[in-house]
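>>> Have a look; sequence and predicted model below, questions after that.
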Amino acid sequence: MRGSRDPVAQVAPQAAEPCRHHWLIEPPQGPTSPGVCLLCGARREFKNYLENVGWEVSTASRHPRDVSVYLGLPAADSPLEEQ
């Protein structure tokens, strides 16, 4: 009696949702720092720098007068204000 058999329900395996990682990264002690996801335990190395980003401090950003001159604005004590 082949026709009387109930068909077996085929359940498609559900794809596991990817983890939305919450990384705990160790303090920098070299070019990379190890990190571990607090949710799934995944491990990964993180760079301790950003490529193509300048980290130099501009002298214009150190003193308000220099900033105003850099921007072309007269500073309060600038001779440009008198002109």
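Everything's here; your move. Residues are numbered from 1 along each chain as shown.
>>> ok, and for stretch 32-43, which residues are buried?
Buried residues in stretch 32-43, counted by 16 or more other C-beta atoms under 10 Å: 35, 36. (C-beta placed from N, C-alpha, C; glycine too.)
>>> Residue 52 versus residue 31, what's the distance?
To residue 52, residue 31 is 16 Å away according to C-beta to C-beta, to the nearest Å.
>>> More neighbours: those two, which one.
residue 31 (9 against 4; other C-beta atoms under 10 Å).
>>> Show the contacting residues for that one.
Listed by C-beta atoms under 8 Å, 6 or more residues apart in numbering, the contact partners of residue 31 are 47, 48, 49.
>>> So among those residues, which ones count as buried?
Buried among the contacts of residue 31 by 16+ other C-beta under 10 Å: none.
>>> List the contacts of the spatially closest residue to residue 38 that is not a sequence neighbour.
In this structure, residue 38 finds its nearest non-sequential neighbour in residue 22, 4.7 Å apart by C-beta to C-beta, 6 or more residues apart in numbering. The contact partners of residue 22, taken as C-beta under 8 Å, 6+ apart, are 37, 38, 39.
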